[in-house]
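Enquirer: model the structure of this input:
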Amino acid sequence: MRLHWLAALAALVLTADIAAAQTATTGRSRSSATETTTTPPASTTTRRPRSAAQLRNDQIMRDCGAEWRRDKTRLQAAGKTWRSFLPECRARRRS
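Expert: Sure, this is the predicted structure:
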């Protein structure tokens, strides 16, 4: 019997702690949301430009995505999924 009371008390304490933590987190997120954040100017970021191979891969992915969206109904009726379609499309686009 004591074990049941002890378990109930522990559950009550844990729920109170969780509620307090959520209130504290919500309070912090509200204050940070009202603060204005500024991003650094583009000149201070140091990102390497994408290579020709990366740019070509990006274009292939865009083209394959557009082809999938255009013919999605027909391809799915043929039993294709995006995962099975993509390697075939990439092979066609590479050559």
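Enquirer: just checking, next helix/strand downstream of the lowest-mean-pLDDT helix or strand in the chain?
Expert: The helix or strand of the chain with the poorest confidence is helix 2-34; it has a mean of 65 (mean pLDDT, DSSP states H and E). Once helix 2-34 ends, the next helix or strand along the chain (criterion: DSSP states H and E) is helix 52-70.
Enquirer: what's that next one in contact with?
Expert: For helix 52-70, contacts defined as CB atoms under 8 Å, 6 or more residues apart in numbering pick out 50, 75, 82, 85-86, 89-90, 93-94. For the C-beta atoms, the positions are set from N, CA and C on the backbone; glycine is no exception.
Enquirer: how about G79, secondary structure?
Expert: coil (DSSP: H, G, I helix; E, B strand; the rest coil).
Enquirer: ok, how many other residues are close to it?
Expert: 7 (other CB atoms under 10 Å).
Enquirer: could you check how far it is from C64?
Expert: To C64, G79 is 18 Å away according to CB to CB, to the nearest Å.
Enquirer: now swap in R90 and tell me
Expert: In terms of CB to CB, R90 sits 6 Å off from C64.
Enquirer: which of the two has more neighbours?
Expert: C64 (19 against 15).
Enquirer: give me the pLDDT value at the more buried one.
Expert: Predicted confidence (pLDDT) at C64: the value is 97.
Enquirer: swap in the one 3 residues further on?
Expert: The model reports E67 with a pLDDT of 97.
Enquirer: can you check L75 too?
Expert: 96.
Enquirer: tally of neighbours for the residue nearest to it when sequence neighbours are not counted?
Expert: Nearest residue to L75, sequence neighbours excluded (CB to CB, 6 or more residues apart in numbering): F85, at 5.9 Å. Counted with other CB under 10 Å, the neighbours of F85 add up to 18.
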